[in-house]
Structures are given as structure tokens and as C-alpha cells.
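1. With the input below, show me the fold.
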Amino acid sequence: MSYQLTIEPLGAVIDVEEGQTILDAALRQGLYIPHACGHGLCGTCKVQVCGGEVDHGAANPFALMDFERDEGKTLACCATLQDDVTIEADMDDEPDARIIPVRDFAATVTRIVDLTPTIKALHLALDKPIDFQAGQYVQLEIPGLGQSRAFSIANAPADVQRSGEVELNVRIVAGGAGTTYLHEKLKVGDRLRLSGPYGRFFVRQSAHLPMVFMAGGSGLSSPRSMVLDLLGQGCTEPITLVYGQRTRAELYYHDEFVALAAQHPNFTYVPVLSNEPDAAEGSDWTGARGFVHDAAKAHFGGSFAGHKAYLCGPPPMVEACIGTLMQGRLFEDGIHTEKFISAADANAQRSPLFKRV
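-> Below is the predicted model of the structure:
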């Protein structure tokens, strides 16, 4: 059984299966409704119901308050249709976005590589080709958990097309059931299911501006895919990657970026460590020390005007980088951040510097 959903102001009419959420149905038709957590926690996907009835599902009462339900609002990531429905949603017009419907994939684990003591690279051979924009992510179903986790694709689209494999970099989270399974139980030959692509974190190439990528922790996946894609396309705009980790042992793909910087004169690599022991304790690190926003500020002399910035990493790192970029005269329209967030992130305070999140 299915119902019809009309999405205004587009006037698009799509079929929605019984029990399928509004967001899932829209994404599978290539229609992008802004969203973040995907689990009713953050409220980013709030839409206005103009006609018909919906079931609000598991929407968090703080993300969808009682007065908003009374006003006819609902969360697209949780709401299911009870009859034919019309909604009004904020459909952003992004010239660099490609229309790529979300699809389901089966995958086989071909390699598991230890990148650092806490991060593994999972190489997954897909049962059919996936189309995506560098920077986008997939939802990976965790066997036996009945839940999925979001992971950015770490290799470039051209590499995925050539090899038929996606690479996902997974940091183990203390107490996290999903990442613990992937680190401790997953093995080569296992079969997995995933869906994608998701997200609006991709390069705005139509801007034709110098780009700065700021990444920390396992947030390197999206920037790596984007940088490899740009260089592979022969991009001539200046590209700078500022990448932070705590110690040299956690700094992965370091040699790859050093080699790319030597090969491409328009690419600059700035690694920075926040907790590396000093020389007296045996470290031979001669690069920058501190945090990503400090290293970026020093590298650019505190001025970021005329750039496009792409941020991906732990929320405190992203917040610090946003503040530094704005102090350096780069404002909201020039700053792009990855927006898939965990339950813990959803409960954290959003940047007061951004009007739209």
C-alpha cells in the first residue's frame, strides 16, 4: 500500500510506501530535504504539513515541540503518511548539487586496514556501481544491531568507479556498539548492506575560489575524497588541507598528502598535532603543534577572505574553526560543514555564529 506525497513549492508528487518516512521517500527520488541526524533528534528536517495526516513517529519532543505539532509541523526523517499528504519544505537551490537518488547496496568486505591504533579502513566491494559526489556519505547497517551508522566515503569517485570498492574509515568509539562491532567482529568476506549517497558536503566548484579544508580526527574521510577528486580532475585553484590529530601515531595518510603536495604546486598540506610529546621525550615531529584553527590562522596570517572553507571533524574543532574563519573575514556563505551528527552531537549546542544549521 502506498500514498501520494506532494512536496511544495516544487509541486513534485511521489509515492510513499506504508511505513516509509517522508525523508527516505524524497531522497530515493533525488529530492533533497535538508536534514542532519536522520533520527528525529535535531529538528533540521522540519516541514509544514499543508494537507492530510501524518504519524510523527519517534520525533524527539525537544526537536518537535507540542505547539509545533499543533501548528502542523513534523520531522521528515520520522513522519510516515496516514493518507495522501501535501507538505511545504525548504528546498535549497544549490547549483553544484547533482541529483543522485539514494539506493540500497550489498557489499563484501575485501580488506580491513589498521590506519592508526583507533581507526580502521574498511574496503567494501559493492554489488553494483554507486554514483556520488566527493564528500558524501553512506548509511552502513550494523549486523545484529538493527541500526545503521553514517560513514563518509574516503576514496575519490574515480577510484570507486575503477575499483568497484568504497573505503570507509571507522574510529572506535568507547562504548559504541556499532564501531565496536566493526573493529572487533567484522572480518574479510563478511556481507554488509548500505544505502546512499547522502549529504550536501561537496565542493562548490562553480565559485572558482581558493579552497581550505580543515579536518580533525576521523573527519579526514570527506576532505580526502574531495582533495583527491579535485587533483584528479586537474583543478588549478589553490587547495590547502589543514589536518589535525593528537599524536604522530594518529596522523594517517600523512605520507600520501606529503607526496601530493610535492606533485601538485597548487596543493598545500599543513599537518598539526595537539598532544605530541616533545623532542626530550623522543618525538622527531618538526611540524606545527596546537589545534587546527590555530594552525590555519598562522598559515593564512589570520585572513580567509576570498576562500571557500570545508570543515569536518569533532564538533568542538568545527566550532573553533568557524570562529577563526569569521574573525578572518570569511562568513557563513563561504563555510561548509559536514552535517551528519550523532545523538550526542544533537544534544550539543549549535554554533551561535551560524544563522542556518
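2. Leu228 and Ala154 touch, don't they?
-> No - the pair Leu228 / Ala154 is not scored as a contact, 9.1 Å apart, by CB atoms under 8 Å. No exception for glycine: its C-beta is placed from N, CA and C like everyone else's.
3. who's more crowded, these two?
-> More neighbours surround Ala154 than the other of Leu228 and Ala154, with 25 against 20 (other CB atoms under 10 Å).
4. Phi and psi next, for that one.
-> Phi and psi for Ala154, reported as degrees, to the nearest 10, are phi -90, psi -20.
5. ok, now which ones touch it?
-> Ala154 sits next to 121, 167-169, 220-222, 224-225 when contact means CB atoms under 8 Å, 6 or more residues apart in numbering.
6. can you map out the strands along the stretch 201-350 of the chain?
-> 211-216, 239-245, 267-273, 288-289, 308-312, 335-337 (DSSP state E, counting those that start in this stretch).
7. again with the stretch 51-200 of the chain
-> Using DSSP E, counting those that start in this stretch, the strands of the stretch 51-200 of the chain run over 54-55, 73-75, 80-81, 85-88, 103-114, 119-126, 137-142, 147-152, 165-171, 191-198.
8. And the first one, what does it pack against?
-> Meaning strand 54-55. strand 80-81 (3 or more CB pairs under 8 Å, 6 or more residues apart in numbering; DSSP states H and E).
9. Let me know the outermost residue of the chain.
-> No residue in the chain sits farther from the centre than Ala280, which is 38.6 Å out by CA atoms, centre = their mean.
10. State the distance from that one to Ala97.
-> Going from Ala280 to Ala97 by CB to CB, to the nearest Å gives 51 Å.
11. And for Phe291?
-> The gap separating Phe291 from Ala97 is 31 Å, by CB to CB.
12. For the residue nearest to Ile99 when sequence neighbours are not counted, give me phi and psi.
-> Distances taken as CB to CB, 6 or more residues apart in numbering place Gly30 nearest to Ile99, at 4.1 Å, with adjacent residues excluded. Per-residue torsions, Gly30: phi 80, psi 20 (degrees, to the nearest 10).
13. what about Gly30, neighbour count?
-> Neighbours around Gly30, by other CB under 10 Å: 14.
14. residues contacting it?
-> Each residue near Gly30 by CB under 8 Å, 6+ apart is listed here: 99-101.
15. Now rank the residues you listed by neighbours and give me the top one.
-> Greatest neighbour count in these, by other CB under 10 Å, goes to Ile100: 17 neighbours.
16. residues touching it, list them.
-> By CB under 8 Å, 6+ apart, the contact set of Ile100 is 30, 131-133, 197.
17. what's the spacing between it and Gly52?
-> 28 Å.
18. Same check on Leu31?
-> Counting by CB to CB - Leu31 and Gly52 are separated by 18 Å.
19. Likewise for Ile119?
-> Applying CB to CB to Ile119 and Gly52 gives a distance of 46 Å.
20. Look at the two and report which has more neighbours.
-> Using other CB under 10 Å, the more surrounded residue of Ile119 and Gly52 is Ile119, with 21 against 16.
21. follow-up on the earlier one: got a ChimeraX select line for the buried ones in the contacts of Ile100?
-> Only the buried entries of the contacts of Ile100 go into this ChimeraX selection, using 16 or more other CB atoms under 10 Å:
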select :132,133,197
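22. can I get the contacts of Ile100 in CSV with pLDDT?
-> As requested, the contacts of Ile100 are exported to CSV (pLDDT from 0 to 100):
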residue, pLDDT
Gly30, 85
Asp131, 97
Phe132, 97
Gln133, 97
Pro197, 95
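23. residue ranges of the helices in the stretch 151-300 of the chain, please?
-> 157-163, 177-184, 221-232, 254-263, 292-299 (DSSP state H, counting those that start in this stretch).
24. Check which residues of the longest one are buried.
-> Residues of helix 221-232 classed as buried by neighbour count (16+ other CB under 10 Å): 221-231.
25. Ok, the shortest one next?
-> Residues of helix 157-163 classed as buried under the neighbour-count rule (16+ other CB under 10 Å) are 157, 159-160.
26. Let me know the closest of the contacts of Ile100 to Glu237.
-> Using CB to CB, Gln133 is the member of the contacts of Ile100 that sits closest to Glu237, with 17.1 Å.
27. ok, the closest one - contacts?
-> 97-98, 100, 157, 197, 202.
28. Redo those residues as a markdown table? Include distance to Ala150.
-> Formatted as a markdown table, those follow (distance: CB to CB, whole Å):
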| residue | distance to Ala150 |
| --- | --- |
| Ala97 | 18 |
| Arg98 | 19 |
| Ile100 | 16 |
| Pro157 | 18 |
| Pro197 | 11 |
| Phe202 | 15 |
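29. quick check, nearest of the residues you listed to Gln4?
-> For those, the nearest to Gln4 is Ile100 (23.2 Å; CB to CB).
30. I'd like the distance between Glu165 and Ser303.
-> 40 Å.
31. ok, back up a step: report the lowest-confidence entry in the contacts of Gly30.
-> Within the set of the contacts of Gly30, pLDDT is lowest for Ile99 (88).
32. So this structure: which segments form each domain?
-> Taking the TED database as the domain assignment, the ranges for the chain are 2-88, 103-198, 205-345.
33. end-to-end on the second one?
-> In other words, domain 103-198. One end of domain 103-198 sits 10 Å from the other (CA to CA, to the nearest Å).
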